[in-house]
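Trainee: dropping a prediction and its sequence here:
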Amino acid sequence: MKHISSIASGVALGSAGIAMMSVLSGCSGQQQQQAQNKFLVIEQQSNGKYTVVEEMPTEGPSRAIIRERDANGNITERFMNEAEMKALAEQEYAKVQDGTSETVQNGSGSTGMGLGGTILAVAAGSLLGNMIGNALMGNKNFSNRASSVNKSAYSRSAAARKSTKSSTRKSFFGGKSSKSSSRGGFFGG
């Protein structure tokens, strides 16, 4: 009988260990989802509006290269540091609060927004904090405008990862299994 109780306590400890590992891995996953600083390349379109053409997470401060057209149609590039980006994002956020920002207006079909709106749409969380970023993304118009202004490959791959995560679930043994109508063998194979 003593042998059975030691097996039972071993199983309980093993189950507790598995539960603790899943809790810890969930916490580290949430930390990774927090706002990351970004390196952006923002390009002015022929209509004068801006779109993001490149976006990469960075461990350094957020920064951007702004590509604009001069009077002769030549493209010039200028560097924008995090302080400048944050100032533009704060100005645009003030417009959001009083309802005059194009980021919360219903999309008019044209691509792009002003420079401040573009920066706010793509980097609100990293520049102004997660609470503001999450509140803005809760606004349907803002969310739609934010997704339409970001044409970067990083944004598209992040959206694909998000949709893949929503369509798969982890099995008991840690592997991923997609939701499908076909049935596998005894152990899910």
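Mentor: Looks like it arrived, so ask away.
Trainee: hey, let's count contacts and neighbours off CA atoms from now on
Mentor: Noted.
Trainee: give me the pLDDT for N144.
Mentor: For N144, the pLDDT comes out at 80.
Trainee: any idea how far it lies from A89?
Mentor: 18 Å (Cα to Cα, to the nearest Å).
Trainee: of these two, who's got more company?
Mentor: Set N144 next to A89 and count neighbours by other Cα atoms under 10 Å: A89 wins out with 24 against 17.
Trainee: these two touch, right, that one and L115?
Mentor: No: using Cα atoms under 8 Å, A89 is not in contact with L115, being 9.1 Å away.
Trainee: export stretch 132-145 to CSV, keeping only CA atoms.
Mentor: Provided in CSV are the C-alpha atoms of stretch 132-145 (Å, rounded to 0.1, in the frame of the first residue of the first chain):
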residue,chain,number,x,y,z
ILE,A,132,-3.5,53.6,-25.1
GLY,A,133,-2.6,51.2,-27.9
ASN,A,134,-5.2,48.7,-26.7
ALA,A,135,-7.9,51.4,-26.3
LEU,A,136,-7.2,52.6,-29.8
MET,A,137,-7.3,49.1,-31.3
GLY,A,138,-10.7,48.7,-29.6
ASN,A,139,-12.1,51.4,-31.9
LYS,A,140,-13.4,49.7,-35.1
ASN,A,141,-12.5,52.6,-37.4
PHE,A,142,-9.0,53.0,-35.9
SER,A,143,-8.4,49.3,-36.2
ASN,A,144,-9.5,49.3,-39.9
ARG,A,145,-7.4,52.4,-40.7
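Trainee: in that stretch, what counts as buried?
Mentor: G133, L136, M137, N141, F142, N144, R145 (16 or more other Cα atoms under 10 Å).
Trainee: any idea where the helices of this protein begin and end?
Mentor: Taking DSSP state H as the test, the helices found in the chain are 2-32, 82-98, 115-128, 130-137, 140-149, 153-167.
Trainee: and the last one, what's its mean pLDDT?
Mentor: Yep, that's helix 153-167 we're talking about. Here the average pLDDT along helix 153-167 is 58.
Trainee: K95 touches T103, doesn't it?
Mentor: No: assessed by Cα under 8 Å, K95 is found out of contact with T103, at 9.0 Å.
Trainee: what about the two, which has more around it?
Mentor: T103 (29 against 16).
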